[in-house]
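# I would like the atomic coordinates for the input below:
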Amino acid sequence: MKIILSALFIFLMGCNTTQNITPQQKAIEISPDVYGKTITEADLKKHLYIYASDAFEGRETGTEGQKKAVNYIRDYYKTIQVPAAQGDGKYFQNVPLHVKYVPSGSFAIGNSSYNLGSDFIPIGHKNISFEEVVYIGYGIEDQLYSDFKNIDIKDKVVLVKEGEPKNDLDIYLLTNSEKPSSYTTNSMGKITTLLDKGAKAVLLYAPSIMSRVVASYTRTRDNPSERMELLQEDTTPFTAIIGSGLANKLNPEIDINHAPKVLKVKGTSAIISNSKKIATENVAAIIRGTEYPEEYLILSSHLDHIGLEDTGVINNGADDDGSGTVALLEIAQAFKEAKDAGHGPKRSIVFLHVTGEEKGLLGSKYYTDVAPLFPLNQTIANLNIDMIGRIDPKRKGNDNYLYLIGSDRLSTELHQISEAANRNFTNIDLDYTYNNISDPNRYYYRSDHYNFAKNNIPVIFYFNGTHEDYHKPGDTPDKINYNLLENRTKLVYYTAWEIANRKERLQLDKNLN
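The predicted structure is shown next:
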């Protein structure tokens, strides 16, 4: 029966992908269900009762509980002898993060000092020192009016003011009406324009913006947030919104004269960017391909959750994303058993457990944007699992379902492969409700697959939807439906099997949405 089912699967796959199946392919694909059957409720449950236990304290990024999580994942890969993805044998990819606090500092013009927060608000924190400033008026370059005639701003500190010119009748010159142009409604866009033209620093005199920003700054200073970001060198040129005191010190005529000119004035900024470094890790293992080892299929899930409540109550995150984590472990075991039996995948399969998803997809962003372990142009697809162990209340009474998001956004073949794998092995009701481009939930942009999709790598996001325990202490292992978790995990496995073993590389045939 296994052979008959597998032969049918191969035939249907061939119809869907317009591929001719070679004898060599038949040999490797003859019994994927044999290895798929190693994915069991019992094993998933055993893993999850440990991984989502109180001992892991909710696995918040950078905490001791998260360290226990990455150690558990690493140790399991060692146990089943799936090697580290990195050439140095390390399973951990260090992801440098930091919590960024409100900066402090001052701005000196001659013998006068101006305070950060009340007199100016920095946007880029790279400090500057200067002996002249190029005043560029409104900073407008238009067919009807230009502030850039006969003045050079390249590598200069530039002073610009918000708004645009009017005539004596209070009519805007650019629109010839009482309605302003985008130069007024988008004052911040002037900063970008000036930097694009080569300015090394920009000071935007914008009283209307300053009044709003100062209030926001004061609230943030008094109630700092714990927002994590990737720790990277700040290469943003010095930019700041400045108030009237600092602006008039630089150019006493700034409110009455918008003619560009060079101002001989000395100044120095002294901004201190306050932050706390966070040490955290992605975990990556690999099964190397037998025929196309330099083509990579990445299977991903996020290893973190939201940790402890202020009261000390633990958010265990069994579904989010303990379910995806243990699914990856079981899929890795299935592929390892296949490899040991001589049926290793033709393409390399990377098992990537990313950190910092709950902090803004930071682990996957670091992987794709900063330090990919394998070339993105050789990464053929990403199958991302985030919450597959529970039931959406909207689906109660019809529990055998799974939401799929993104399968057809970039590759028609990926969608066809996914449908065929389900049709022949798992028989799940695949629900594409949240795949709609106009979906107000925007789930396509809210899990780690998106960092691959934005790089034109085809993706599928596997998701059971939210439930009453989403991001709450009630998300515990006893509430997982392990029968559903097993079958949903198998769907990812069978889809990965076909992608990794097909004759041709998966084709990208659509534009990024």
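# mind listing what's buried along the helix ranked longest in the chain?
Longest helix in the chain, counting residues (DSSP state H): helix 482-501. Neighbour counts over helix 482-501 (16 or more other Cβ atoms under 10 Å) mark 482, 484-501 as buried. No exception for glycine: its C-beta is placed from N, CA and C like everyone else's.
# for stretch 390-400, same thing?
390-392, 395.
# with stretch 220-230 instead?
Those would be 228-230, for stretch 220-230 by 16+ other Cβ under 10 Å.
# mind listing what residue 206 touches?
161-162, 187, 241-242 (Cβ atoms under 8 Å, 6 or more residues apart in numbering).
# just the mean pLDDT for the helix or strand containing residue 123, thanks.
If you go by DSSP states H and E, residue 123 is part of strand 120-124. When pLDDT is averaged over strand 120-124, the result is 88.
# how about it: buried residues?
In strand 120-124, counting by 16+ other Cβ under 10 Å, buried: 120-122, 124.
# re earlier: now distance to residue 456, pLDDT and secondary structure too, for the buried residues of stretch 390-400, in TSV please.
Formatted as TSV, these follow (distance: Cβ to Cβ, whole Å; pLDDT from 0 to 100; DSSP: H, G, I helix; E, B strand; the rest coil):
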residue	distance to residue 456	pLDDT	secondary structure
390	32	98	coil
391	34	98	coil
392	30	97	coil
395	32	95	helix
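# between the contacts of residue 206, which is closest to residue 444?
Sorting these by how near they are to residue 444, with Cβ to Cβ, puts residue 187 at the top with 32.2 Å.
# residues contacting the nearest residue to the closest one once chain neighbours are set aside?
Distance criterion Cβ to Cβ, 6 or more residues apart in numbering; nearest residue to residue 187, sequence neighbours excluded, is residue 162 at 4.2 Å. Contacts here follow Cβ under 8 Å, 6+ apart; on that basis residue 162 touches 138, 184, 187, 190, 204-209.
# report the buried members of these.
Going by neighbour count (16+ other Cβ under 10 Å), the contacts of residue 162 have 138, 184, 187, 190, 204-206, 209 buried.
# how does this structure divide into domains?
2-99+277-501, 104-273 (automatic domain parsing).
# now, of those domains, which is deepest in the fold?
Ranked by mean neighbour count under mean count of other Cβ atoms under 10 Å, those are led by domain 2-99+277-501, which reaches a mean of 20.
# and the gap between the closest residue to residue 501 other than its chain neighbours and residue 498?
Leaving aside its chain neighbours, residue 501 sits nearest to residue 346 (5.0 Å; criterion: Cβ to Cβ, 6+ apart). As judged by Cβ to Cβ, to the nearest Å, residue 346 and residue 498 stand 11 Å apart.
# how confident was the prediction at residue 457?
98.
# from here on, call the first residue 46.
Happy to do that; since the first residue is 46 now, the last one works out to residue 502.
# what sits against it?
By Cβ under 8 Å, 6+ apart, the neighbours of residue 502 are 421, 424-427, 455.
# now swap in residue 160 and tell me
Per Cβ under 8 Å, 6+ apart, neighbours of residue 160: residue 151.
# distance from the biggest strand by length in the chain to the middle of the chain?
Assignment by DSSP state E gives strand 320-332 as the longest strand of the chain. With Cα atoms, centre = their mean, to the nearest Å as the basis, strand 320-332 stands 14 Å off its chain's centre.
# quick check: angle from it to helix 527-546?
70 degrees (axes from the mean of the first three to the mean of the last three Cα atoms, to 10 degrees).
# the very next helix or strand once past strand 320-332 pairs with which strands?
Once the chain leaves strand 320-332, the next helix or strand it forms, by DSSP H and E, is strand 337-347. Using DSSP bridges, the strands paired with strand 337-347 are strand 392-399 (parallel), strand 424-430 (parallel).
# so for the contacts of residue 251, which is the shakiest by pLDDT?
Pick the lowest pLDDT in the contacts of residue 251 and you get residue 232, at 87.
# ok, now how distant is the residue nearest to residue 135 when sequence neighbours are not counted from residue 408?
In space, and not counting its chain neighbours, residue 135 is closest to residue 129: 5.6 Å by Cβ to Cβ, 6+ apart. Separation of residue 129 from residue 408 (Cβ to Cβ) stands at 16 Å.
# for residue 197, same thing?
For residue 197, the distance to residue 408 - Cβ to Cβ - is 44 Å.
# how far does stretch 250-265 sit from the chain's center?
On Cα atoms, centre = their mean, the centre of stretch 250-265 falls 29 Å from the chain's centre.
# and it, average pLDDT?
pLDDT averaged over stretch 250-265 gives 85.
# tabulate the CA atom coordinates of it in CSV.
In CSV, the C-alpha atoms belonging to stretch 250-265 read as follows (Å, rounded to 0.1, in the frame of the first residue of the first chain):
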residue,chain,number,x,y,z
TYR,A,250,13.8,74.2,11.8
ALA,A,251,10.2,73.0,12.3
PRO,A,252,8.4,74.7,15.2
SER,A,253,5.1,73.0,14.4
ILE,A,254,6.8,69.5,14.5
MET,A,255,9.0,70.4,17.5
SER,A,256,6.0,71.3,19.7
ARG,A,257,4.6,67.8,19.1
VAL,A,258,7.8,65.9,19.3
VAL,A,259,8.9,67.5,22.6
ALA,A,260,5.8,66.3,24.3
SER,A,261,6.3,62.8,23.0
TYR,A,262,9.9,62.9,23.9
THR,A,263,9.1,63.9,27.5
ARG,A,264,6.6,61.0,27.9
THR,A,265,9.1,58.5,26.5
